[in-house]
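Visitor: Below are the sequence and a predicted model for it; my questions follow.
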Amino acid sequence: MDRSRDFFVTQYAGDMDSPPSAEQVIGPDRLVEQELTLDLGGRQLLLHAWPKAHTDCDLTVYDAPSGTLWTGDLLFRERLPALDGSLPAGSRCSTILRKCTSNRGAGARPGYRDLKSAIVPERRYLQALADGVRADLTEAKPLEEAIEQVAAAEKSHWLLWDNVHPRNVVHAFEELEWE
């Protein structure tokens, strides 16, 4: 939150008191190292911090009475996931989510849309991205070619492809070239 205050003020000014200011962006005041239970007065939420995957600060929130698990940005549906964390670890997102949903019911809510049928396409894209970048690195293909060709069969399945996929390929190239 601290790193993104200016972004929030710029992008969400309409949601703030006028004039919008960075002081209106209130971040968390407690660190979740592994798990933390918040008591909201008769309702408890279980917060769980996950290893580096989509980002370096992934968090899920579970509400036991309703059986609802909020997955945040560990799971995307239709909207292409942006790699802000780690591609090899990003493939763990699906594993993490399967563990969460199997342990805590089917009422999961991703950051974007609903859970149904979201895990398989996300895993398929991340695997195609990793496999394609690794192959291109092995063959010493240029990055520009990889942006156009890696995981191209996935394009029709995702929104924001033209904005997010090139950045994902660059991120994957930077990370995987040292494997």
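Guide: In hand now; what should we look at?
Visitor: just checking, Ala13 touches Ala22?
Guide: No - using Cβ atoms under 8 Å as the test, Ala13 is too far from Ala22 to be in contact (11.3 Å). All C-beta spots, glycine's among them, are computed from the backbone N, C-alpha and C.
Visitor: quick one, which of those two is more surrounded?
Guide: More crowded of Ala13 and Ala22, by other Cβ atoms under 10 Å: Ala13, with 14 against 11.
Visitor: The more buried one - nearest residue in space that isn't next to it in sequence?
Guide: Pro20 (4.1 Å; Cβ to Cβ, 6 or more residues apart in numbering).
Visitor: Contacts only, for that neighbour.
Guide: Contact partners of Pro20, counting by Cβ atoms under 8 Å, 6 or more residues apart in numbering, are 9, 12-13.
Visitor: quick check: domain ranges of this structure?
Guide: If you go by automatic domain parsing, the domain ranges for the chain are 1-29, 31-176.
Visitor: Can you say which of these is packed in most?
Guide: Among the domains of the chain, domain 31-176 has the highest mean neighbour count (mean count of other Cβ atoms under 10 Å), at a mean of 16.
Visitor: Any idea how far apart the tips of it sit?
Guide: 30 Å (Cα to Cα, to the nearest Å).
Visitor: Need the mean per-residue confidence for that domain.
Guide: For domain 31-176, the mean pLDDT works out to 79.
Visitor: Alpha carbons of the biggest helix by length in the chain, in CSV - could you do that?
Guide: Using DSSP state H, we find that the single longest helix of the chain is helix 119-138. What follows is helix 119-138, C-alpha atoms only, in CSV (Å, rounded to 0.1, in the frame of the first residue of the first chain):
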residue,chain,number,x,y,z
ILE,A,119,-8.0,-22.7,-12.0
VAL,A,120,-7.5,-24.9,-15.2
PRO,A,121,-7.2,-22.0,-17.7
GLU,A,122,-4.9,-20.0,-15.4
ARG,A,123,-2.6,-23.0,-14.9
ARG,A,124,-2.7,-23.7,-18.7
TYR,A,125,-1.6,-20.2,-19.5
LEU,A,126,1.2,-20.1,-16.9
GLN,A,127,2.5,-23.5,-18.1
ALA,A,128,2.3,-22.4,-21.8
LEU,A,129,4.2,-19.2,-20.9
ALA,A,130,6.9,-21.1,-19.0
ASP,A,131,7.3,-23.8,-21.6
GLY,A,132,7.4,-21.3,-24.4
VAL,A,133,9.9,-19.0,-22.8
ARG,A,134,12.1,-21.9,-21.8
ALA,A,135,12.1,-23.3,-25.4
ASP,A,136,12.9,-19.8,-26.9
LEU,A,137,15.7,-19.3,-24.4
THR,A,138,17.1,-22.8,-25.4
